[in-house]
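Asks: sharing a model prediction with you, sequence too.
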Amino acid sequence: MVSRRGFLTGLALAPVAYAAGCSMRPSAPGSAADSTRPLPIPPPAASTVGADGVRRFTLRARTGTTEMIQGRQTPTWGYSGSVLGPTVRARRGEQVAFTITNDLAEPTSVHWHGMHLPAKFDGGPHQMIAPGAVWTPNWTVRQQAATLWYHPHPHGATEKHVHRGLSGFFLIDDDAADALDLPKEYGVDDIPLVIQDRRFTAAGAIDESDTTDVGLLGDTIVTNGIANAHLSVSTERVRLRILNGSSGRLYNLSFGDGRAFQLIATDGGLLPKPVTLNRIQLSPGERVELVVSLVAGENVTLRSLPITDRAGIDRAAEFGFDDTFDILTLRAADTLRASAALPAALIPMPALAAATTPATRSFDLQWFMINNRRMDMNRIDMTVPVDTTEVWTVRNKDNWPHNFHVHDVQFQVVAVDGNPPPPALSGWKDTVYTTPDTTYTLAMHFADHTDPTYPYMYHCHLLHHEDQGMMGQFLVLAPGQQPAPMQMDMGAMGHG
Ligand code: C2O
Ligand code: CU
Ligand code: CU
């Protein structure tokens, strides 16, 4: 086993000013609010559409410095900027093409999390970009409107690359979503919000030194790249597209006064109808879209409460399950522009299960292994025949938190321990949290994109677990096609 050093060490060293963010105080005007800064909104990624109709983007992975904490310069990594990345946006049916340059001193990759696309453009550990090299993936977007994201996926180094700042949103639009009267003015009432936790050294650098069994846990919440942010709201309703971009921390999100909000989308897109909740849990890699209503002149704080779903978890405190954080203060203007009431129905979800004779596979999650094996880039763990719907059962056999992410597809959670899933799992998902000793039955359809050479991944999205090998690979094959995987020279991968 690796380090069991506790997160308590980190807490004890937390600077007082930031520990104050964890207290239960009501938001008092003129106090802590004065030290907040406006939430940065990632700029939309510039694109050009040529005569061929292809929408082209350029991204550059690079180093920089960011004022994550006010008044301190922190060395960070970003795409086409010092931290995070521009928001890529494309429409269903559109062809997209990227020119991605790696200006880092070590190899990286760019994975399109949640995207249905050919395996050779998936950006996993088989598509490394050497320092100074350029990678040019392209594909046609063929899935419904959704909040996806992109991030590095170098084998064994994903946590480091993401933790240093490499992540961006990838929003898909479509006609069906456009036809719904939802908040959709980017940066005004439609807000991308990536939540991450960091620990800083006295000099202001990101502290990568104290790994727990769930990876790097921070004592400072960073939203869209900065600590202590507020969002000025000018409309009655605001839509938050929230990504848990943390390495290993779970969030139990709620508003300071416990007010209800509407859950309108999960990982793969809009739900059949809005669901009223006052809390939602997000594990690393998961996304939700919430709509919250505000009253003119008020402040309300998005917070994270202790994780209540902790049955079977040993050392919950060490894994951050007891922590409380203020995430983001929403400050409503003195007059708010009216917002339309939410539509009663959003996007229907057709049932997938048993559309064809389903293959049933099971996945046991334990320690850094799936089905008692750790990742081997030269081992194909399974092959999936194209155009099939499969049913996978996933079980966390551990006393650690894990989740389960599948590349290439969005899945439906058909059952949790044989029961219908809770509302928060009623839509399309690509990542699902797994409570110990609970069986998650997932249905997914592998429509196309056969490739005998390049695999897709499935893995735990706690990045430390993924890096430690809690991951497997599958090929999607055409009838009669034989696997022809490429052999990786692991010695030549050159991970820093
Ligand atoms: Cu978000 Cu395999 O990754
Ligand atoms: Cu992914
Ligand atoms: Cu895990």
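Replies: Structure's in. What do you need? Ligands and ions are numbered 1, 2, ... in the order given.
Asks: so for residue 4, what's the pLDDT?
Replies: pLDDT for residue 4: 36.
Asks: and residue 33, by the same measure?
Replies: pLDDT, residue 33: 43.
Asks: which one is the residue positioned nearest the centre of the chain nearest to, not counting chain neighbours?
Replies: Central residue of the chain (Cα atoms, centre = their mean): residue 285, 2.6 Å from the mean position. Counting by Cβ to Cβ, 6 or more residues apart in numbering, residue 285 lies nearest to residue 461, which is 3.6 Å off, once chain neighbours are set aside. In this view, the C-beta of every residue, glycine as well, is placed from N, C-alpha and C.
Asks: doesn't residue 376 belong to a helix?
Replies: No: counting by DSSP: H, G, I helix; E, B strand; the rest coil, residue 376 is not found in a helix; it is coil.
Asks: any idea how far it is from residue 436?
Replies: Relative to residue 436, residue 376 is positioned 26 Å away (Cβ to Cβ, to the nearest Å).
Asks: circling back: which ones are touching the residue nearest to the centre of the chain?
Replies: Residue 285 sits next to 113, 244, 403, 405, 430-431, 461 when contact means Cβ atoms under 8 Å, 6 or more residues apart in numbering.
Asks: isn't the residue nearest to residue 285 right next to residue 430, touching?
Replies: No: counting by Cβ atoms under 8 Å, residue 461 stays clear of residue 430, with 9.3 Å between them.
Asks: returning to that earlier point: who has more neighbours, residue 376 and residue 436?
Replies: Between residue 376 and residue 436, counted using other Cβ atoms under 10 Å, residue 436 has the larger neighbour count: 19 against 14.
Asks: C-alpha coordinates for the one helix or strand residue 329 maps to, PDB please?
Replies: Taking DSSP states H and E as the criterion, residue 329 maps to strand 325-337. The C-alpha trace of strand 325-337 is given here as PDB (Å, rounded to 0.1, in the frame of the first residue of the first chain):
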ATOM      1  CA  PHE A 325     -16.400  24.500   2.200                       C
ATOM      2  CA  ASP A 326     -17.800  27.600   0.800                       C
ATOM      3  CA  ILE A 327     -17.500  27.200  -3.000                       C
ATOM      4  CA  LEU A 328     -18.900  30.300  -4.600                       C
ATOM      5  CA  THR A 329     -21.000  33.300  -3.500                       C
ATOM      6  CA  LEU A 330     -23.800  34.300  -5.800                       C
ATOM      7  CA  ARG A 331     -24.500  38.000  -5.500                       C
ATOM      8  CA  ALA A 332     -27.800  39.100  -7.000                       C
ATOM      9  CA  ALA A 333     -28.100  42.600  -8.400                       C
ATOM     10  CA  ASP A 334     -30.600  45.000  -7.000                       C
ATOM     11  CA  THR A 335     -32.800  44.500 -10.000                       C
ATOM     12  CA  LEU A 336     -32.900  41.200 -11.800                       C
ATOM     13  CA  ARG A 337     -33.900  40.600 -15.400                       C
END
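Asks: next one: whichever helix or strand comes after that strand to chain centre, how far?
Replies: The first helix or strand that comes after strand 325-337 along the chain, using DSSP H and E, is strand 359-366. On the basis of Cα atoms, centre = their mean, to the nearest Å, strand 359-366 is displaced by 22 Å from the centre of the chain it belongs to.
Asks: before we move on, what about stretch 427-439?
Replies: Using Cα atoms, centre = their mean, the offset of stretch 427-439 from its chain centre is 14 Å.
Asks: how long is that stretch end to end?
Replies: End-to-end distance of stretch 427-439 (Cα to Cα, to the nearest Å): 18 Å.
Asks: check whether it comes near ligand 1.
Replies: No: judged by Cβ under 6 Å from any ligand atom, stretch 427-439 stays clear of ligand 1, getting no closer than 7.4 Å.
Asks: touching ligand 2 at all, that stretch?
Replies: No: applying Cβ under 5 Å from the ion, one finds stretch 427-439 separated from ligand 2 by no less than 6.6 Å.
Asks: can you pull the buried residues of that stretch?
Replies: 427-436 (16 or more other Cβ atoms under 10 Å).
Asks: out of those residues, list just those in helices.
Replies: Among these, no member is found in helices (DSSP state H).
Asks: number of residues surrounding whichever residue of the stretch 351-496 of the chain sits closest to ligand 1?
Replies: Proximity to ligand 1, evaluated over the stretch 351-496 of the chain using Cβ to the nearest ligand atom, is greatest for residue 457 at 4.9 Å. Residue 457 has 24 neighbouring residues, counting by other Cβ under 10 Å.
Asks: ok, residues contacting the helix or strand hosting residue 48?
Replies: Element membership for residue 48, per DSSP H and E: strand 47-49. The contact list for strand 47-49, computed with Cβ under 8 Å, 6+ apart, reads 55-57, 88-90.
Asks: buried residues in that strand?
Replies: Applying 16+ other Cβ under 10 Å to strand 47-49 flags residue 47 as buried.
Asks: mean confidence score for that strand?
Replies: 98.
Asks: so how far is that strand off the chain centroid?
Replies: 26 Å.
Asks: okay, now the sheet partners of it, with direction.
Replies: If you go by DSSP bridges, strand 47-49 pairs up with strand 55-66 (antiparallel).
Asks: toward the C-terminus, what is the element adjacent to the partner strand?
Replies: Next along from strand 55-66, by DSSP H and E: strand 74-79.
Asks: that next one - contacts with which helices or strands?
Replies: If you count contacts as 3 or more Cβ pairs under 8 Å, 6 or more residues apart in numbering; DSSP states H and E, strand 74-79 packs onto strand 55-66.
Asks: okay, now residue 259: neighbour count?
Replies: Neighbourhood size, residue 259 [other Cβ under 10 Å]: 13.
Asks: thinking it is in contact with residue 290, fair?
Replies: No: with contact defined as Cβ under 8 Å, residue 259 does not reach residue 290; the gap is 11.1 Å.
Asks: so who does the residue of the chain found nearest ligand 2 touch?
Replies: With Cβ to the ion as the measure, residue 113 is the residue of the chain nearest to ligand 2, at 3.8 Å. Residue 113 makes contacts with 148-151, 170, 285, 405, 430, as judged by Cβ under 8 Å, 6+ apart.
Asks: go with 7 Å
Replies: With contacts defined as Cβ atoms under 7 Å, 6 or more residues apart in numbering, residue 113 is in contact with 148-151, 285.
Asks: among these, which two are most distant?
Replies: 150 and 285 (11.9 Å; Cβ to Cβ).
Asks: among the contacts of strand 47-49, which pair sits farthest apart?
Replies: Pairwise distances across these peak at 13.1 Å for 56 and 89 (criterion: Cβ to Cβ).
Asks: how about the strands in the stretch 1-150 of the chain?
Replies: Using DSSP state E, counting those that start in this stretch, the strands of the stretch 1-150 of the chain run over 37-38, 47-49, 55-66, 74-79, 88-91, 95-102, 111-113, 134-135, 138-140, 146-151.
Asks: what sits opposite the residue of the chain closest to ligand 2 in the beta ladder?
Replies: So, taking DSSP bridges as the rule, residue 113 has residue 149 as bridge partners.
Asks: residue contacts, the residue lying closest to residue 86 once chain neighbours are set aside?
Replies: Leaving aside its sequence neighbours, residue 86 sits nearest to residue 45 (Cβ to Cβ, 6+ apart; 3.7 Å). Residue 45 is in contact with 57, 86-89, counting by Cβ under 7 Å, 6+ apart.
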